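Colleague: here you go, sequence then predicted model.
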Amino acid sequence: MTLEVVARSAGVSQATASRVLNGTARVREDLRQRVVAAADLLGYIPNAHAQALASASSRLVGVICHDVADPYFAAIAGGVMRAAAEHDLLMMLASTFRDPAREIAYVSALRAQQARAILLISSGFQDRAWERAMNTELEPYLRGGGRVAVVSRHRTLRVDTVLPENRAGGAALARAMLGLGHRDFAVLSGPRALTTVSDRLGGFRDALAEAGVELSPDQVVEGAFTRDGGYDACAELLQRGLRATCVFAITDVMAIGALAALRDQGLRVPADVSLAGFDDIPIVRDLSPPLTTVALPLAEMGQAVMALALREPRGRRSRVTRFGGEVVLRASTGPP
């Protein structure tokens, strides 16, 4: 594919097409849109980009997460950074704040920056429009020699994946709480469009169902994947009327907020209600009481996703590296 073909398809001169694709000068907006659309349709990548990728001369690795302030993503990014340093690579880190459009825009920008690899270390979106748009960005990048690897389940992206066993971890936590004697549960859930949420909640719910325990819909409250989101979701749960003897927060960060909300209402953990999270971010061991959770090897997951991005591809077959979660019982849970 040549610049001449792109220019002809867009109905502009080669000079105009070059200015648009290289960003060297301002071009009238309607012409810019025609050139970009033609380049995307034809899968065009500037020669310099393709040559840099093919010769591995590009040292830039782009890492995209939901929020680097979240200790979950910070721990994974830390593993990526250590692996990048070992290979003398530069890392560019971007937070999308769970905005699907911003994630697509960052991928596009990294393509333009001739990144050697793009790593998505955030949860996938269960959104057909996002899936189509992301594949539109990634497929020409991959054809040009770029490498892509992801953390978590991204249903339709045909790329190498580090897959935490979120569904199995949710089920294991449910069985552990059932083993303590709990039969009434509540869940502080994140946005349902995220695959991490659907997997963890699905596994937890399935294990309860196997034991003949129903999770009441009004005892599942959705909130943001933040400390304040956990606080607000728990406050909403208490306002509805807490019937559960055990509350499961989909992430440890949400559990930290939930612990504060419970204390503000005069409830003791675990004497009045047990509380559990998921991820085992470092701070939860130092809470009072320390948090029961499902531990994932977050730094190792970061190193693994970088390793996948640096390996030679196996044709069009994607590879999956799985990481299981381990239930860690601490003082935030006890018998009802």
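Modeller: Received, thanks.

Colleague: distance-wise, check the residue lying closest to P282 once chain neighbours are set aside relative to A109.
Modeller: Using Cβ to Cβ, 6 or more residues apart in numbering and skipping the chain neighbours, the partner closest in space to P282 is P71 (6.9 Å). Any C-beta I mention is one placed from the backbone N, CA and C, and that applies to glycine too. Plainly put, P71 is 26 Å away from A109 if you go by Cβ to Cβ, to the nearest Å.

Colleague: which of the two has more residues huddled nearby?
Modeller: P71 (20 against 14; other Cβ atoms under 10 Å).

Colleague: how about the contacts made by the more buried one?
Modeller: P71 sits next to 252-253, 279, 281-283 when contact means Cβ atoms under 8 Å, 6 or more residues apart in numbering.

Colleague: at 7 Å instead, please
Modeller: 253, 281-283 (Cβ atoms under 7 Å, 6 or more residues apart in numbering).

Colleague: what's the answer for V68, then?
Modeller: Contacts of V68 (Cβ under 7 Å, 6+ apart): 74, 77, 93, 95.

Colleague: what's the answer for T226, then?
Modeller: V253.

Colleague: which element follows the least confident helix or strand in the chain by mean pLDDT toward the C-terminus?
Modeller: Least confident helix or strand, the chain: helix 47-55 with a mean of 49, by mean pLDDT, DSSP states H and E. The helix or strand immediately downstream of helix 47-55 is strand 60-65, counting by DSSP states H and E.

Colleague: so how far is that next one off the chain centroid?
Modeller: 13 Å (Cα atoms, centre = their mean, to the nearest Å).

Colleague: packing partners of it?
Modeller: The contact analysis (3 or more Cβ pairs under 7 Å, 6 or more residues apart in numbering; DSSP states H and E) places strand 60-65 against helix 71-86, strand 90-95, helix 100-112, strand 117-120.

Colleague: looking at these, which is nearest to L291?
Modeller: Closest to L291 of the helices and strands packed on strand 60-65 is helix 71-86 (Cβ to Cβ; 12.4 Å).

Colleague: the closest one vs strand 60-65, what angle?
Modeller: Helix 71-86 runs at 170 degrees relative to strand 60-65, counting by axes from the mean of the first three to the mean of the last three Cα atoms, to 10 degrees.

Colleague: how about helix 71-86: buried residues?
Modeller: 71-77, 79-81, 83-84 (16 or more other Cβ atoms under 10 Å).

Colleague: in CSV: the contacts of V68, plus distance to A115 and pLDDT.
Modeller: Supplementary listing: those in CSV, determined by distance: Cβ to Cβ, whole Å; pLDDT from 0 to 100:
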residue, distance to A115, pLDDT
A74, 21, 94
A77, 16, 95
L93, 12, 93
S95, 17, 93
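
Colleague: of all the residues you listed, which comes closest to A261?
Modeller: Distances from A261 to those, taken by Cβ to Cβ, are shortest for A74, at 23.6 Å.

Colleague: roughly how far does the residue lying closest to the closest one once chain neighbours are set aside sit from P297?
Modeller: Nearest residue to A74, sequence neighbours excluded (Cβ to Cβ, 6+ apart): V68, at 5.9 Å. Relative to P297, V68 is positioned 19 Å away (Cβ to Cβ).

Colleague: any idea which of the helices and strands packed on strand 60-65 gets closest to E139?
Modeller: Comparing those by Cβ to Cβ, helix 100-112 comes nearest, at 11.1 Å.

Colleague: lovely, talk soon.
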